[in-house]
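**Student:** What follows is a predicted protein model with its sequence.
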Amino acid sequence: MGMGAAGILLPNLPAFSRPVSPEALLEPGLDVAVKKRLADAAMNAAKSKGASYTDVRIGRYLNQFVITREDKVQNIVNTESYGVGVRVIADGCWGFAAVVDAKSEADTAQAAEKAVAIAKANAKLMKQPVQLAAQKGYGEVSWKAPIKRNAFEVPIKEKVDLLLSVNDAALKNGANYVNSVLFMVNEQKYFASSDGTYADQDIHRIWPIFNVTAIDPKSGKFETRNALSAPMGMGYEYLQANPADKVTGITTRYNKGYDMLEDVTAAAKQARAKHTAKSVEAGKYDLVLDPSHLWLTIHESVGHPLELDRVLGYEANFAGTSFATLDKWQSKNFNYGSKQVNLIADKTQVGSLGAVGYDDEGVATKKWDLVKDGTLVNYQAIRDQVHIIGEKESQGCCYADSWSSVQFQRMANVSLAAGKTPLSVQDMIKDVKKGIYIIGDGSFSIDQQRYNFQFGGQLFYEIKDGQIAGMLKDVAYQSNTQEFWNSCVAVCDENDYRLGGSFFDGKGQPPQSSAVSHGSSTARFNGVNVINTARKI
Amino acid sequence: MSIISKEEAKKILEKALSYSKADEMSVSLGGGRTSNIRYALNSVSSGGESDNMSLLVTAGIGKRMGSATINEFNDKALERTVRRAEEIARLAPENPEYMPMIGPQTYLETPMYSENTAKMDSEFRAQVAFDSVDACEQKNLSAAGFMQDTTGFSAIANSKGLFGYNKATSVDFSVTVRTADATGSGYVTRDFNDISKLKTRSVTGIAMQKALASTNARALEPGKYTVILEPTAMGTLLQSMMSGMDTRLADEGRSFLSKKGGGTRLGEKLIDERVTIYSDPMNLEAPSEPFAGEGRNRTGSFLGGGGAVGDGRPQEKITWFENGVVKNMSYSRFWADKKGVKATPSPTGFIMAGGSQSLADLIKSTDKGILVTRLWYVRMVDPKTLLQTGLTRDGTFYIENGQIKFPIKNFRFNESAVIVLNNVEALGTPMRVGGNLIPPVKARDFTFTSLSDAV
């Protein structure tokens, strides 16, 4: 499931997070040597109790959320969560235990022993022992997100001033109401395993969003427009407006630098303009989808169905299974999409939400093909699954949202490769006779096997005979995954390539969230079914 | 240390308050044990348990507010936490909507606690999973299920003399059963405060029966159909309506309860006169929290004092829709103060009154219609009209002449809860779903917009 920027949705904080002062977020975590001692104590304890494999995650998770509406700061949330999670294999079965605020070797050893006891108890109900792909130990290594300005070092006042100026600009340009939020996350993760890896990593994410509302008291109706920002694996530098990162056109969109003030100014005017926009006539249209919109369609219709645990049935009770069954992959000729469609999984992409050096089971990250020239060629898997798809080593897709959660298979960044032949958005639109150009993500829904979906958006423009004819509203499109990707007739070149993403993607029981990016250039899909969503109550 | 008594909780809270130097201070203490077991492909896939107790201190200085939490309870730790909350308050920007804390309140003693649930252990949980899996294995079906149970308490106090205490238990169970060839799927979910009411083997039987009956589904044309929405499906559709009863949003003109020309639709008849929806913390079948913001999240796990921060307003029996008329709407304390009205908090659970007909009776009285077990991936399309989209899942059947004729392929729908509740044909006997009581609802002209191949 995905949680897009539709409305301002505040997440549940990770378990055991405690509010702290902003200064506390800048205090250094434990020294690497101390973490290694804690990890070794857990691994030794687990081994002595009979574990055949152990991994230890020592995590310090920092969050800062600044939340405003109009001229008010509603809340500033600073939280810190620190603890240790130990996962083992004993008697062929997984076991996991976690301990909050673990500071001593006795604490981590105790958690390890508990994990072994749970594994042995669960082994009685197990059908087949865990088959873990071999993984070489990397020794003591580290990885740091290449950020330029640590968002946690930026004074709160600077952030509050930015959001309040954004709100002010919205109100001055036609909005009646505006909410804006800055989400900032820093994961300081230490991973150690009995394979001999000790990986220390520092991961940063940022997401500035707003939602403006324009009321029409006469009709009693209201229209909204959300930010066209993307959540990024970057520091505060993302909020530095840079002309080179702007994509101009019918409305300005952004690459790796976001001009929040400029976007909200446009948003307020556009929300107002929606009141007089034409309500769409239902029917078949050629869709031209901007990367700020297409990321969510990729996420739902490619990212999730190609998760191997879903394919196998492990998520059947909640998130669901997948139409992309193993026989389709084995056939080597399943047309996921047209020849133009190349979908790539990548855990190394700079600036993306999913980029790390090593995943949460000590596998160095990589990049691989999922769909090549339209054909399904691979899935996303982790160490205890890869043998099922004939791979010798894991693809590095393991993640836990907290030290207190069990790591499991999560989505890599999954992106649509840019077109190989030069093509601009303007040139793409020029060829469209009856179409709709969609910018920004909106309402989203897809079935539990990822066939049938429906997506809305933020901005809709009618295309008539190669020209943009004006704004539309009440637009949503419905399609089927395979049909949709096979209707892809063109993808713009790499000059238009941008990332979108999900900051809070949910999966699992109990649910865990993860952050993942999806890149693309603008792409065209022919003859897609569009419905009108206006109703009277 | 998952549950402490009312007296012990009061002692800790009063000690913390005694260190306050702020203009006003509120403290809340919450704790509990959350355990779960998860299985898929007829085998246990994970299980876990966590215990937590924490204290949240909120200091009010002028119109500034600051919070801090701690999970140690000695005097030193309490004082340090109080000082930290005060420091954070001083650093915070002024909130022009800050409301002074409320004084002593009388709270209902809600029947949310069951000793049966509190004494559950991991062997019991494994047995639950085994019962469900075993029933499926015997019929060559595949089970994927999840059970989570919580036992917890929460206590609140403030410097104006307010004190409240509540303890509660809960258990949530769900299972999806699929046929071996993956052409049939059935689902069932149950939740209770008392684990002894959960019979996993027989409940799993419902999902098994739906899985077996849903193979070889036929495709019907999308369009408008009479539907019977089982309580699980109706509950999903009602969530956005019942969480959207806020007056401020409506006054601001951005709610389905906004009135053309300004104001709200309070007092207007919005839905069918047979529909009455209320909340009642004392309901024996589906009790709910006695005070607002108990720190209990939607999945039933206790976050402790570090979770949701409430203002301690008492929950009471409130009717939201009476015979189709909008009878009450909820208020933040700030907005109620501005409007000079009582600050009714939003409910934590709701009860939709029904009739005496069983689901079987509703089916029997249907000429042509569709039975819907579950709705999935329901998302708001238009908040003005509460238009939502989503899909049917895990058991969708065609009814003709009062009988289930054949399974049908899943549909995508685009429909508003307001329209469904205007098109009511009949209401069945309410059942507990997700902490609420919901009847099966028969409604005409439900809008299905496309077909899905998903099983």
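**Tutor:** Yep, that arrived. Since the structure is predicted, the reported quantities are computational estimates derived from the model, not experimental observations.

**Student:** can I assume B:Phe413 is in contact with B:Gly390?
**Tutor:** Yes. Here B:Phe413 reaches B:Gly390: they are 6.2 Å apart, a contact under CB atoms under 8 Å. Every residue, glycine included, has its C-beta placed from N, CA and C.

**Student:** Overlap in contacts, these two.
**Tutor:** B:Leu375 (CB atoms under 8 Å, 6 or more residues apart in numbering or on different chains).

**Student:** Low-confidence regions, chain A specifically.
**Tutor:** Low-confidence segments of chain A (pLDDT under 70): A:1-24.

**Student:** how does it divide up, domain by domain?
**Tutor:** Per automatic domain parsing, the structural domains of chain A span A:18-274, A:278-532.

**Student:** deepest of those, which one?
**Tutor:** Ranked by mean neighbour count, the domains of chain A are led by domain A:278-532 with a mean of 21 (mean count of other CB atoms under 10 Å in any protein chain shown).

**Student:** near chain B at all, that one?
**Tutor:** Yes. Residues of domain A:278-532 are located near chain B by CB under 8 Å from any CB of the partner chain, namely A:312-318, A:320-321, A:323, A:404, A:406, A:443-452, A:454, A:456, A:474, A:476, A:478, A:480, A:509-511, A:529, A:531.

**Student:** In the stretch 51-200 of chain A, mark out all the helices, start to finish.
**Tutor:** Assigned by DSSP state H, counting those that start in this stretch, the helices in the stretch 51-200 of chain A fall at A:105-123, A:156-172.

**Student:** Switch these over to a markdown table; also include distance to A:Val350.
**Tutor:** Conversion of the helices of the stretch 51-200 of chain A to a markdown table gives the following (distance: least, CB to CB, whole Å):
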| stretch | distance to A:Val350 |
| --- | --- |
| helix A:105-123 | 34 |
| helix A:156-172 | 24 |
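
**Student:** So which of these is nearest chain B?
**Tutor:** For the helices of the stretch 51-200 of chain A, proximity to chain B was assessed by CB to the nearest CB; helix A:105-123 is nearest, at 5.4 Å.

**Student:** Which elements pack onto the closest one?
**Tutor:** The criterion is 3 or more CB pairs under 8 Å, 6 or more residues apart in numbering or on different chains; DSSP states H and E, and the helices and strands that helix A:105-123 contacts are helix A:32-48, strand A:53-69, strand A:72-90, strand A:93-100, strand B:43-61.

**Student:** wait, is B:Gln239 part of a strand?
**Tutor:** No. With DSSP: H, G, I helix; E, B strand; the rest coil as the criterion, B:Gln239 is helix rather than part of a strand.

**Student:** show me what contacts the nearest residue to A:Val160 once chain neighbours are set aside?
**Tutor:** Leaving aside its chain neighbours, A:Val160 sits nearest to A:Val73 (5.7 Å; criterion: CB to CB, 6 or more residues apart in numbering or on different chains). Residues in contact with A:Val73 (CB under 8 Å, 6+ apart) are A:Val66, A:Ile67, A:Val160, A:Leu163, A:Leu164, B:Ala92, B:Pro93, B:Asn95.

**Student:** and which of those is nearest to A:Ser142?
**Tutor:** Taking CB to CB as the measure, A:Val66 is the one of these closest to A:Ser142, at 29.6 Å.

**Student:** what's near enough to touch that closest one?
**Tutor:** The contact partners of A:Val66, by CB under 8 Å, 6+ apart, come to A:Val73, A:Ile76, A:Ile156, A:Lys159, A:Val160, A:Leu163, A:Val181, A:Leu182.

**Student:** Just give me the closest of the contacts of A:Val73 to A:Tyr190.
**Tutor:** A:Val66 (28.0 Å).

**Student:** quick one: that closest one and chain B, what's the gap?
**Tutor:** Taking CB to the nearest CB, to the nearest Å as the measure, A:Val66 falls 10 Å from chain B.

**Student:** contacting residues around the closest residue to chain B within the stretch 101-250 of chain A?
**Tutor:** Per CB to the nearest CB, A:Gly220 is where the stretch 101-250 of chain A lies closest to chain B, at 3.3 Å. Shown in contact with A:Gly220 (CB under 8 Å, 6+ apart): B:Gly253, B:Ser258, B:Lys259, B:Lys260, B:Gly261.

**Student:** Out of those residues, grab the one that's most surrounded.
**Tutor:** Among the contacts of A:Gly220, the one with the most neighbours (other CB atoms under 10 Å in any protein chain shown) is B:Gly253, at 24 neighbours.

**Student:** Can you tell me the closest non-neighbouring residue to that residue?
**Tutor:** B:Gly253 sits nearest to A:Ile215 (CB to CB, 6+ apart), 4.1 Å away.

**Student:** Could you pull up the residues touching the one you found?
**Tutor:** By CB under 8 Å, 6+ apart, the contact list for A:Ile215 reads A:Asn176, A:Tyr177, A:Lys221, A:Phe222, B:Glu252, B:Gly253, B:Arg254.

**Student:** got those as JSON lines, with secondary structure and distance to A:Arg87 columns?
**Tutor:** Converted to JSON lines, the contacts of A:Ile215 look like this (DSSP: H, G, I helix; E, B strand; the rest coil; distance: CB to CB, whole Å):
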{"residue": "A:Asn176", "secondary structure": "coil", "distance to A:Arg87": "51"}
{"residue": "A:Tyr177", "secondary structure": "strand", "distance to A:Arg87": "46"}
{"residue": "A:Lys221", "secondary structure": "strand", "distance to A:Arg87": "52"}
{"residue": "A:Phe222", "secondary structure": "strand", "distance to A:Arg87": "48"}
{"residue": "B:Glu252", "secondary structure": "coil", "distance to A:Arg87": "48"}
{"residue": "B:Gly253", "secondary structure": "coil", "distance to A:Arg87": "51"}
{"residue": "B:Arg254", "secondary structure": "coil", "distance to A:Arg87": "46"}
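
**Student:** Grab the two from those residues that are most spread out in space.
**Tutor:** Most distant of the contacts of A:Ile215, by CB to CB, are A:Tyr177 and A:Lys221, 14.0 Å apart.

**Student:** I'd like to know how far B:Lys260 sits from chain A.
**Tutor:** For B:Lys260, the distance to chain A equals 3 Å [CB to the nearest CB].

**Student:** Not counting sequence-adjacent ones, nearest residue to A:Pro146?
**Tutor:** Spatial nearest neighbour of A:Pro146, excluding adjacent residues (CB to CB, 6+ apart): A:Val350 at 6.4 Å.

**Student:** Which of the helices or strands spans the one you found?
**Tutor:** For A:Val350, there is no helix or strand it lies in under DSSP states H and E.

**Student:** interface residues of the stretch 51-200 of chain B facing chain A?
**Tutor:** So the stretch 51-200 of chain B meets chain A at B:52, B:54, B:56, B:67-71, B:84, B:87-88, B:91-93, B:95-97, B:122, B:126, B:129-130, B:142, B:144-146, B:148, B:174-176, B:178, B:182, B:185, B:187 (CB under 8 Å from any CB).

**Student:** please redo it, this time with the cut-off set to 7 Å
**Tutor:** Counting by CB under 7 Å from any CB of the partner chain, the residues of the stretch 51-200 of chain B close to chain A are B:52, B:67-69, B:84, B:87-88, B:92-93, B:95-97, B:122, B:126, B:129-130, B:142, B:144-146, B:148, B:174-176, B:178.

**Student:** Going through the residues you listed, which ones are buried?
**Tutor:** Listed as buried from those are B:52, B:67-69, B:84, B:88, B:92-93, B:95, B:126, B:129-130, B:142, B:144-146, B:148, B:174-176, B:178; burial here means 16 or more other CB atoms under 10 Å in any protein chain shown.

**Student:** Let's see which of those residues end up in helices.
**Tutor:** B:Arg84, B:Ile88, B:Ala126, B:Ala129, B:Phe130 (DSSP state H).
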